[in-house]
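Novice: attaching a predicted model along with its sequence, questions to come.
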Amino acid sequence: MKEHIAASVAIVGGGPVGLSLALDLAWRGVDVVLAEQRPAGEPPSVKCNHISARTMEILRRLGLAREIRAAGLPDDYPNDVVFRTRATGYELTRIPIPSREHRLSSMHGPDTRWPTPEPAHRINQIYFEPILFRHAAQSPGVRILNRTRVEGFRDDGQRVLATARDLDTDRTYTIECRYLIGCDGGRSGVRAGIGAKLHGDEVIQRVQSSYIRAPALIDLITPPPAWMSYIYNPQRAGNLVAIDGRERWLIHNYLLAHERDFESVDRDGCIRALLGVGGDFEYEIIAKEDWIGRRLVADTLRERRVFICGDAAHLWVPYAGYGMNAGIADAMNLSWLLAAHLKGWAPESILGAYEKERLPITEQVSRFAMQHAEGAIRERTHLPPEIEDDTPAGAAARAQVGRAAYDLNVQQFACAGLNFGYFYDTSPLIAYDGEKQPHYTMFDYTPSTVPGCRTPHLWLADGRSLYDALGPDYTLLRFDPSIDVSTLMRAAAERGVPLALLDVRAREESTAYRHKLLLSRPDQHVAWRSDEPPADPVALMDVARGAAM
Ligand SMILES: Cc1cc2nc3c(=O)[nH]c(=O)nc-3n(C[C@H](O)[C@H](O)[C@H](O)COP(=O)(O)OP(=O)(O)OC[C@H]3O[C@@H](n4cnc5c(N)ncnc54)[C@H](O)[C@@H]3O)c2cc1C
């Protein structure tokens, strides 16, 4: 019988964000207990379909990228995004995205030349999350409590005492931890418990979604099929996502402004209209997955020893596939800060950086996603009436809508800016040098070593990715081995900051790296750069470990 469980960090919620946080903390040597109300192995609902390149980089570091990339759609199934009048109708335009078998080698398409060892991966959450779960459950540093609901908590200034209910026995017990992290999703009880309030737009789009089995559909679609098919016709607009590449699909029916109640809209009629099939077409509804697209961001991410991450902290329309991915980015930020403090080399003040760094990014991403959603809503509600006509005017209308759809949507499906462009420009942990970080959009990104940016990727002369050579903690990148960095290394040792030295021999010249020394943080962001060691290396180490805040 569970009476009292203790760990350094307790995580509430074992969705993709909670599981990633648990895995990363354990990788950094922190013991974790994770409470999840679902039974062990119960798959999540069929929501997210895109793991961003930045998330894949993180999964690579955890040793999971290869296994995750091998899961999901069949090897040769096209990952393209297509726009059609109906799922079985005219093609308007296509954004080419390589299938898994060509993903690491293809040079064709708008996201194939990105400076990363790990391009994005299209996979549904129902395949992704169980892999995270399995690895977390096997990790010696993680204890998972399934069928456990956290019902409340008390922070006594030294530790947090959470009340957990075992849903099988209905008994309650206490989880004691030094820090509690709410990764408990959109209806977060932890968010309510710390008094955080969501602000923004309650409703941007209502979507009647159905997870269906339709084995006959794939043969009715004009080849090649696609991972995601947007459907634009004057009757209805929606989106069809291939889940297993054979018979299971997620179909989103974008409700019109006056359609406020999910159940009063004819689900079957709309599915048939979107697919472009008649009454005799056979399919089965596996689950109804209706959802509301919102733009809501919490006003705070922390109250003393309690933090929130992921959907608990922000909810927005899943344009650019950046709900879960942004949540995992929060988790990775918080993970190294917690580990630095719990392992004793950073004071507790370092934890203040989480909100200072992540809250502005969260606000920004939410606006990118919303602006894109508004553009897409405008686009699909202003279609030429002749778009489905088999006439020259119909063909011209399709070409025009297709061009506009490509231009708008390539930004969300090849969102290098969202992946790699964001930077921390007001962080207390970064030694800025006066140069401004390059502007980015959802689509565009300029690799840069300006402090605060993601440490730009390089292929090393020995064939490795720079990211495989970076240590789990701070790494000093030295591009000129004749520079004496002993004062810096000594300062790190004096302050207890784990710092590895990496002499970089790059395979190719990089325009991003213009300095001979660069300090890369445990989360692969630039903390400092220069051509020579700092005049006061101890002061730099104090900035890096949050002792100068
Ligand atoms: C249609 C759709 C498509 C999407 N597509 C994408 C996409 O392509 N890319 C992307 O990045 N994002 C996408 N998203 C968003 C993505 O699904 C979410 O952002 C993601 O699931 C959030 O993960 P999370 O771990 O924060 O929360 P959740 O996945 O909601 O997990 C929270 C967990 O906490 C548990 N829990 C809650 N309360 C308690 C408690 N008191 N005690 C114990 N356990 C508790 C729940 O059971 C749940 O397992 C999409 C969303 C939708 C609706």
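Specialist: On my side now, so go ahead. Numbering: from 1, shown residues only.

Novice: near the ligand at all, stretch 242-253?
Specialist: No: remark: stretch 242-253 sits outside contact range of the ligand, by Cβ under 6 Å from any ligand atom, the gap being at least 6.6 Å. (Each C-beta comes from the backbone N, C-alpha and C, glycine too.)

Novice: helices or strands up against the lengthiest helix in the chain?
Specialist: Secondary structure assigned by DSSP state H gives helix 352-380 as the longest helix of the chain. Judged by 3 or more Cβ pairs under 8 Å, 6 or more residues apart in numbering; DSSP states H and E, helix 352-380 is in contact with strand 198-213, strand 228-232, strand 291-298, strand 314-316, helix 324-342, helix 392-413.

Novice: which one of those lies nearest to residue 255?
Specialist: strand 198-213 (4.2 Å; Cβ to Cβ).

Novice: buried residues, that closest one. List them.
Specialist: Residues of strand 198-213 classed as buried: 198, 200, 204, 205, 206, 207, 208, 209, 210, 211, 212, 213 (neighbour count, 16 or more other Cβ atoms under 10 Å).

Novice: quick one, whichever strand or helix holds residue 270 and strand 228-232 angle?
Specialist: Element membership of residue 270, judged by DSSP states H and E, is helix 267-275. Using axes from the mean of the first three to the mean of the last three Cα atoms, to 10 degrees, one finds that helix 267-275 and strand 228-232 are set 100 degrees apart in direction.

Novice: next helix or strand past helix 267-275?
Specialist: Moving toward the C-terminus from helix 267-275, the next helix or strand (DSSP H and E) is strand 284-288.

Novice: specify the angle between that following strand and strand 198-213 in degrees.
Specialist: For strand 284-288 against strand 198-213, the angle by the same axes, to 10 degrees is 160 degrees.

Novice: hmm, residue 242 and residue 74 touching each other?
Specialist: No: counting by Cβ atoms under 8 Å, residue 74 does not reach residue 242; the two are 9.7 Å apart.

Novice: between the two, which is the more surrounded one?
Specialist: When residue 74 and residue 242 are compared for neighbours, residue 242 comes out ahead with 27 against 12, by other Cβ atoms under 10 Å.

Novice: that older thread, report the angle between the longest helix of the chain and strand 291-298.
Specialist: Using the same axes, to 10 degrees, helix 352-380 lies at 150 degrees relative to strand 291-298.

Novice: residues of helix 352-380 that come out buried?
Specialist: So, applying 16+ other Cβ under 10 Å, buried residues of helix 352-380: 353-355, 357-362, 364-366, 368-370, 372-373, 375-377, 379-380.

Novice: on that earlier part again, figure out which of the helices and strands packed on helix 352-380 is closest to residue 490.
Specialist: Residue 490 lies closest to helix 324-342 among the helices and strands packed on helix 352-380, at 19.5 Å (Cβ to Cβ).

Novice: alpha carbons only: can I get that closest one in PDB?
Specialist: Presented in PDB, the C-alpha positions along helix 324-342 are these (Å, rounded to 0.1, in the frame of the first residue of the first chain):
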ATOM      1  CA  MET A 324       3.000  19.800 -27.800                       C
ATOM      2  CA  ASN A 325       6.300  20.900 -29.300                       C
ATOM      3  CA  ALA A 326       6.200  24.200 -27.400                       C
ATOM      4  CA  GLY A 327       5.300  22.300 -24.200                       C
ATOM      5  CA  ILE A 328       8.300  20.000 -24.600                       C
ATOM      6  CA  ALA A 329      10.500  23.100 -25.100                       C
ATOM      7  CA  ASP A 330       9.200  24.500 -21.800                       C
ATOM      8  CA  ALA A 331      10.000  21.200 -20.200                       C
ATOM      9  CA  MET A 332      13.500  21.100 -21.500                       C
ATOM     10  CA  ASN A 333      14.100  24.600 -20.300                       C
ATOM     11  CA  LEU A 334      12.800  23.800 -16.800                       C
ATOM     12  CA  SER A 335      14.600  20.500 -16.600                       C
ATOM     13  CA  TRP A 336      18.200  21.800 -16.800                       C
ATOM     14  CA  LEU A 337      17.400  24.600 -14.400                       C
ATOM     15  CA  LEU A 338      16.000  22.200 -11.800                       C
ATOM     16  CA  ALA A 339      18.900  19.800 -12.300                       C
ATOM     17  CA  ALA A 340      21.400  22.600 -11.900                       C
ATOM     18  CA  HIS A 341      19.900  23.600  -8.600                       C
ATOM     19  CA  LEU A 342      19.100  20.100  -7.300                       C
END
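
Novice: check which helices and strands that helix sits against.
Specialist: strand 4-12, helix 16-27, strand 50-51, helix 53-61, strand 172-182, helix 352-380.

Novice: okay, these in JSON lines with mean pLDDT and distance to the ligand next?
Specialist: Output for the helices and strands packed on helix 324-342, formatted as JSON lines (pLDDT from 0 to 100; distance: least, Cβ to the nearest ligand atom, whole Å):
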{"stretch": "strand 4-12", "mean pLDDT": "96", "distance to the ligand": "5"}
{"stretch": "helix 16-27", "mean pLDDT": "98", "distance to the ligand": "3"}
{"stretch": "strand 50-51", "mean pLDDT": "96", "distance to the ligand": "4"}
{"stretch": "helix 53-61", "mean pLDDT": "98", "distance to the ligand": "8"}
{"stretch": "strand 172-182", "mean pLDDT": "98", "distance to the ligand": "8"}
{"stretch": "helix 352-380", "mean pLDDT": "90", "distance to the ligand": "10"}
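
Novice: neighbours of the closest residue to the ligand within the stretch 151-300 of the chain, how many?
Specialist: Of all residues in the stretch 151-300 of the chain, residue 185 sits closest to the ligand, at 2.7 Å by Cβ to the nearest ligand atom. Neighbour count of residue 185, defined by other Cβ under 10 Å: 20.
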